[in-house]
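**Q** Kindly return the folded structure for what I paste below:
(one chain, ligands or ions: 2)
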Amino acid sequence: MKKAFIFDLDGVIVDTAKYHFLAWQNLANSLGISFSEEQNEQLKGVSRVRSLEKILEWGNKTISEEEFTELMSKKNEEYLVYISKMDTSEILPDVPRVLDYLISKEQAIALGSASKNARIILDKVQLATKFHTIVDGTNVSKAKPDPEVFLIGAKELGVLPENCVVFEDSVAGIQAANIANMISIGIGDAEVLHEADYIFNDFTEIREDFINNLVSAKKV
Ligand code: B16
Ligand code: MG
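**A** Ligands and ions are numbered 1, 2, ... in the order given. I've put the predicted structure just below:
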C-alpha cells in the first residue's frame, strides 16, 4: 500500500524558529516593541504577513501599508543572512533516517511548509532531493490551520487525504492536518500538540515498526 508522508519544515526538519526569533526580535525592538520567546512560540507555522500583524497588535502599533511592506522585507533579509550559513549539521536528529526508510519502502514524500524560503533551506541542508514534491508559502493562498498546503501536496502526489500522514510542530499545522482528514503526528510538546493523533518529542522516538503500521493504517 502506498501512503503519502508530508513534512512541515521549520521545527520538524530544521530548527529555524531560533532565526525567525532573532530577526523578529530585532525588528520589534527597532519599533520599541518587546518580543519574548513565548510570543515567538505563537508565530510557529504562522505566515510572515500574519506574524508581523501579530507583533504590531502586541505592541499596539499601527503603521502604513508602505512601512509594513518595508518591514517584511527587512525581516526577511536578516533571516536570509542566518539561513545562508546553514548546513547539514542543522538537520534535526534522525530526520534523514526516517526519510531514507520511507524512500526504501517506496512511499510518497512531500514538504508542506508555510515558508517562502523552504527551497533555499532544503538546498542548504541538502535534503531537497528526498522530496517528490515541495509545497511551500509560494504555492498557497491560505495559511494553516487552513488545510490548503497539505491538500495540494496530496493532490500532487496523487494520494487521497485519508492516506496521508503529516508531521507538524505547530498547533495550526496539526489542526490543518486534522481538517484535511489526514493522520496528524505532532513533533514537540505533548501538552501543546494534544490535538494530534500521535505525539513524539522528536524523530529519534519514531521507530520503523511505527512507520510500518502507518503504511497500513487509515484515519478513522
Ligand atoms: P517565511 P513551517 C513557517 O514554516 C514558520 O514556522 C513560521 O514561523 C514562519 O513565519 C513561516 O514559515 C513563514 O516563513 O518568512 O520564511 O516565508 O513551520 O510552516 O515550515
Ligand atoms: Mg513548523
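
**Q** I'd like to know which helix or strand in this structure has the lowest mean pLDDT.
**A** helix 37-41 (a mean of 90; mean pLDDT, DSSP states H and E).

**Q** Dump the longest helix belonging to the chain to PDB, restricted to CA.
**A** Looking across the chain with DSSP state H, the single longest helix is helix 65-84. Provided in PDB are the C-alpha atoms of helix 65-84 (Å, rounded to 0.1, in the frame of the first residue of the first chain):
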ATOM      1  CA  GLU A  65       1.000  49.800   4.300                       C
ATOM      2  CA  GLU A  66       4.300  51.000   2.800                       C
ATOM      3  CA  GLU A  67       6.100  50.700   6.100                       C
ATOM      4  CA  PHE A  68       4.500  47.200   6.600                       C
ATOM      5  CA  THR A  69       6.000  46.000   3.200                       C
ATOM      6  CA  GLU A  70       9.400  47.500   4.100                       C
ATOM      7  CA  LEU A  71       9.500  45.900   7.500                       C
ATOM      8  CA  MET A  72       8.600  42.500   6.000                       C
ATOM      9  CA  SER A  73      11.500  42.600   3.500                       C
ATOM     10  CA  LYS A  74      13.800  43.900   6.200                       C
ATOM     11  CA  LYS A  75      12.900  40.900   8.400                       C
ATOM     12  CA  ASN A  76      13.400  38.500   5.600                       C
ATOM     13  CA  GLU A  77      16.800  40.000   4.600                       C
ATOM     14  CA  GLU A  78      18.000  39.400   8.100                       C
ATOM     15  CA  TYR A  79      16.500  35.900   8.200                       C
ATOM     16  CA  LEU A  80      18.200  35.100   4.900                       C
ATOM     17  CA  VAL A  81      21.600  36.000   6.400                       C
ATOM     18  CA  TYR A  82      21.200  33.300   9.100                       C
ATOM     19  CA  ILE A  83      19.800  30.800   6.500                       C
ATOM     20  CA  SER A  84      22.800  31.400   4.200                       C
END
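
**Q** Average pLDDT for that helix, rounded please.
**A** Mean pLDDT, helix 65-84: 97.

**Q** Tell me the helix or strand right after it.
**A** helix 95-104 (DSSP states H and E).

**Q** what packs against the following helix or strand past that next one?
**A** Using DSSP H and E, the helix or strand that directly follows helix 95-104 along the chain is strand 108-112. Counting contacts by 3 or more CB pairs under 8 Å, 6 or more residues apart in numbering; DSSP states H and E, strand 108-112 packs against strand 4-7, helix 95-104, strand 133-135, helix 148-157. Where C-beta positions appear, they are placed from N, C-alpha and C, glycine not excepted.

**Q** Is it possible to get JSON lines of those that adds mean neighbour count and distance to Tyr82?
**A** Below are those laid out as JSON lines (neighbours: other CB atoms under 10 Å; distance: least, CB to CB, whole Å):
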{"stretch": "strand 4-7", "mean neighbour count": "28", "distance to Tyr82": "21"}
{"stretch": "helix 95-104", "mean neighbour count": "16", "distance to Tyr82": "19"}
{"stretch": "strand 133-135", "mean neighbour count": "21", "distance to Tyr82": "21"}
{"stretch": "helix 148-157", "mean neighbour count": "23", "distance to Tyr82": "23"}
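
**Q** Sounds good, over and out.
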